[in-house]
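Asker: here's my sequence, what's the structure:
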Amino acid sequence: MFKGKYLVQCKRWNSSVGEPAVRDLYGVVLSENANKGIIITNSSFQSKLLNSLMVRTLN
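Answerer: This next block holds a predicted model:
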């Protein structure tokens, strides 16, 4: 099925998830040599963050 290491963080926040949370997970993914990092939230992600991620994904 899926091979490799996947790291998952769950955020139960009242406000939207911002760049610091994503940066922190990215650092852990790099230090743990994981294939992917996944953030799951009951909230939403800041629109500025989503725009930034879209630009990085498309480049």
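
Asker: all contacts plus neighbour counts: C-alpha atoms, from now on.
Answerer: Fine.

Asker: what are the buried residues along stretch 39-56?
Answerer: Using 16 or more other CA atoms under 10 Å as the test for burial, stretch 39-56 gives residue 45.

Asker: nope, stretch 22-35 is what I was after
Answerer: Applying 16+ other CA under 10 Å to stretch 22-35 flags 22, 25-26, 29 as buried.

Asker: remind me which residues of this structure are low pLDDT?
Answerer: The chain contains residues with pLDDT under 70 at 1, 53-59.

Asker: about what we covered before: among the buried residues of stretch 22-35, which ones are in helices?
Answerer: Applying DSSP state H to the buried residues of stretch 22-35, the entries found in helices are 22, 25-26, 29.

Asker: now do the strands in the chain.
Answerer: Taking DSSP state E, the strands of the chain run over residues 6-11, 36-41.

Asker: just want the angle from the first one to strand 36-41.
Answerer: Right, the one you point to is strand 6-11. Strand 6-11 and strand 36-41 are oriented at 20 degrees to each other (axes from the mean of the first three to the mean of the last three CA atoms, to 10 degrees).

Asker: just the endpoints, please. Distance across stretch 7-15?
Answerer: Using CA to CA, to the nearest Å, one end of stretch 7-15 lies 22 Å from the other.
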